[in-house]
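Visitor: quick one: sequence and predicted model below, then my questions.
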Amino acid sequence: MKKLIELKKIKRSFFISEDVETKAIKEISLTINKGEFVAIMGPSGSGKSTLLHILGFLDTQSDGDYVFNGQSNTKYSEEQLAHLRNSEVGFVFQAFNLLAKDNVYDNVKLPLIYSKTDPASWHDKILKAIESVGLSHRIDYPITRLSGGEKQRVAIARALVNNPKILFADEPTGNLDSASGAKVMQILDKLNRELGHTVILITHETETAKHAQRIISLKDGIIVSDQENTDRNQASNFSK
Amino acid sequence: MNFGILVKSAKQALISHKSRSLLTILGIVIGIASIIVIMATTTSATELILGEVQGMGSKTFELIPGKKPKGPSDFAQLFTESIKQRELDAILNKRNVPYINKVSPNILVTGNLNYNGEVSSPSVFGSSTFMAEILDIAPVVGRMFDDNDIKNRSKVIVIGKEVVDDLFNKENPIGKKIRIKGVNFRVIGVFPEKGRVAFANIDKLAMMPYTTARDYVQKQSHYNSILGEVTSEEFLERTVEDIKMTMREIYEITDPKDDNFHIQTQQDLVERVSTITGILSSLLIAVAAISLIVGGIGIMNVMLVSVTERTKEIGIRKSVGATNKDIRNQFLVEAVILTFSGGFLGVMLGAFISKIVSIVLSKSLEVNWLYVVPLNAIVIAVSASTIVGVIFGLYPAISASRKNPINTLRYE
């Protein structure tokens, strides 16, 4: 299998004040292959969000090396990192992070306007992404009129629209009731199994983590366990 | 990021805060409107004054006693009596000044016109026929006095329409005798109704042969001015120099500072009028520019608030791939659209106010006040407003673009 992500002894610390240092990540080494579905678990303060930010090019490590697709992230300029966020990764956040004033279509379009793709191809890509999360009937709805589950599906469509190599989901079901949460997980499952997307899921819910092939547990900024999920949740086929 | 999308999303953002956007640009609207009004009215005023000046004709000059007034104390100089028949003869001598075509020695007559107990007080001049030619006011009723009248010092007078109304109650004025300073004059003509021409109200004018005015009415030996015309425009400058030389020779003046006369041409007047209105409008525009700066600070303030308010949006955009430059441009375009629309509304408002000003001034001053909004005013206004947007939008836009994506995503 092709190596997509390789972390070599990365560290990340923050300075709360001049001399008070917090080590969010003490030292993590990790390899993730193309097509994997990985869940990262851990209590709050374990460093899982910081890890996701580094993996998603929103942040850079203080020390160590992060090799993505064969190249170290420290070699990129700010502009190139923005381009990687645009074309290589897609984010799904717990708080949805949609533009509340825009409708479904415009939210899904957002990554495309910052991409170098041909505007003539945008419409088809947007429709396809919205269809893949089963929201074709909500295409011109304003975000404010959607339910939580629908909002998260819009966020997934937005993450997918630019056909990224990897999908990051940071507690995607955290703000949802169990039925909506289940639907969101079905979609992520389907994207991984049927369409071959690499998915990295951050969660503190064991049930949610069971959708992954591999579960990594963090505590206090280090990996405490990293194992295959033998008990993978067989999601039923997704329907609207 | 594509410019069209940038403009579209900026417009959306501004429309979603309609009343705030409108209030924000009010300063710019007022600033730009004042610039337009100032430029429009000073242009019209200049046109109006120049129109009068140009009524004099481009081949004419006026020789005036006393040196050119440069300050209030110099005006006493105008009452010197340096131009008499001797000077006039010297100037008319072709060996001294070869290119003079015609002249009109002018005498200011002080005194009212009386007829049968009615009184009129127009401007009364003693002049030659050339004066009426220049002003293009050949009488419509009766005739102008001629060279014979001048030679014979005839006691004849030509009067304007208002003078006729003052003195003659529907009577035919031709042939009637009127009195000025105890001297009887026969009315021989009436000027056409023309209003103002070259600073003079033709309707309130009376003209008699300068010889008559000089010897019988004012009883003075000097002339108040000599109006002249050169044979061709190209000789005007040379003629002015020739007259200066002649005058200096007569009075043995070696230093031009000691001149006891000065010569005015249309060009001089045009330059003077343009200088004065130019200074005036620059001063006023400087004041208007201050309001633009104040407006710009208002824009900056609102943009900073907007950046803080939209911290989360900045984070979302960055997380899906917006570069710092994209974010900066987004806020900069919003600021520029704000100020540009302010400029546009300001031009409209300014044009509207200028129109009202032109109507009011035309009515109240009884002048033909032109309504013009000069193109350069519009160009200046629109570019000034755009520049204000760039200058005052840049700081908020840069501070937006530098926000850290993680912190902005966490912002609630």
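Guide: Now that the structure is in, tell me what you want to look at. Residues are numbered from 1 along each chain as shown, chains lettered A, B, ... in the order given.

Visitor: tell me which helix or strand the most centrally placed residue in chain A sits in.
Guide: Nearest to the mean C-alpha position of chain A, by CA atoms, centre = their mean, lies A:Phe168 at 1.0 Å. Using DSSP states H and E, A:Phe168 falls within strand A:166-170.

Visitor: each with direction, which strands does that strand pair with?
Guide: Applying DSSP bridges, strand A:166-170 is found paired with strand A:89-92 (parallel), strand A:198-203 (parallel).

Visitor: returning to that earlier point: where's the residue nearest to the centre of chain A relative to B:Arg317, distance?
Guide: Going from A:Phe168 to B:Arg317 by CB to CB, to the nearest Å gives 17 Å. In short, each C-beta sits where N, CA and C put it, glycine included.

Visitor: for the closest residue to A:Ala157 other than its chain neighbours, grab the count of nearby residues.
Guide: In space, and not counting its chain neighbours, A:Ala157 is closest to A:Ala129: 4.1 Å by CB to CB, 6 or more residues apart in numbering or on different chains. Other residues near A:Ala129 come to 24 when the count uses other CB atoms under 10 Å in any protein chain shown.

Visitor: please identify the helix or strand for B:Asp268.
Guide: helix B:266-309.

Visitor: mind checking how far stretch B:272-279 is from the chain centre?
Guide: Averaging C-alpha positions (CA atoms, centre = their mean, to the nearest Å) puts stretch B:272-279 8 Å from its chain's average.

Visitor: go through that stretch and flag the buried ones.
Guide: Buried residues in stretch B:272-279, counting neighbours by 16 or more other CB atoms under 10 Å in any protein chain shown, are found at B:Val273, B:Thr277.

Visitor: ok, now stretch A:62-76?
Guide: Here stretch A:62-76 shows A:Ser62, A:Gly64, A:Tyr66, A:Val67, A:Phe68, A:Asn73, A:Tyr76 as buried, counting by 16+ other CB under 10 Å.

Visitor: thinking again about what came up before, doesn't the residue nearest to A:Ala157 belong to a helix?
Guide: Yes - according to DSSP: H, G, I helix; E, B strand; the rest coil, A:Ala129 belongs to a helix.

Visitor: isn't it right next to A:Arg153, touching?
Guide: No - using CB atoms under 8 Å, A:Ala129 is not in contact with A:Arg153, being 10.2 Å away.

Visitor: coming back round to it: elements contacting whichever helix or strand comes after the strand holding A:Phe168?
Guide: Heading C-terminal from strand A:166-170, the first helix or strand you meet, by DSSP H and E, is helix A:178-193. Contacts of helix A:178-193 with other secondary structure elements, assessed using 3 or more CB pairs under 8 Å, 6 or more residues apart in numbering or on different chains; DSSP states H and E, are made with strand A:37-41, helix A:148-160, strand A:166-170, strand A:198-203.

Visitor: for the last one, buried residues please.
Guide: Judged by neighbour count using 16+ other CB under 10 Å, the buried positions of strand A:198-203 are A:Thr198, A:Val199, A:Ile200, A:Leu201, A:Ile202, A:Thr203.

Visitor: would you map the helices across chain A?
Guide: Listed in chain order, the helices of chain A (DSSP state H) span A:48-55, A:78-87, A:104-113, A:119-132, A:148-160, A:178-193, A:206-209.

Visitor: need the ones you listed in JSON lines with distance to A:Lys23 and mean pLDDT, can you?
Guide: Shown next, in JSON lines, are those (distance: least, CB to CB, whole Å; pLDDT from 0 to 100):
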{"stretch": "helix A:48-55", "distance to A:Lys23": "10", "mean pLDDT": "91"}
{"stretch": "helix A:78-87", "distance to A:Lys23": "23", "mean pLDDT": "92"}
{"stretch": "helix A:104-113", "distance to A:Lys23": "33", "mean pLDDT": "94"}
{"stretch": "helix A:119-132", "distance to A:Lys23": "38", "mean pLDDT": "93"}
{"stretch": "helix A:148-160", "distance to A:Lys23": "30", "mean pLDDT": "93"}
{"stretch": "helix A:178-193", "distance to A:Lys23": "31", "mean pLDDT": "90"}
{"stretch": "helix A:206-209", "distance to A:Lys23": "25", "mean pLDDT": "88"}
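
Visitor: reformat those helices as JSON lines; add distance to B:Gly160.
Guide: Below are the helices of chain A laid out as JSON lines (distance: least, CB to CB, whole Å):
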{"stretch": "helix A:48-55", "distance to B:Gly160": "91"}
{"stretch": "helix A:78-87", "distance to B:Gly160": "80"}
{"stretch": "helix A:104-113", "distance to B:Gly160": "75"}
{"stretch": "helix A:119-132", "distance to B:Gly160": "75"}
{"stretch": "helix A:148-160", "distance to B:Gly160": "84"}
{"stretch": "helix A:178-193", "distance to B:Gly160": "95"}
{"stretch": "helix A:206-209", "distance to B:Gly160": "102"}
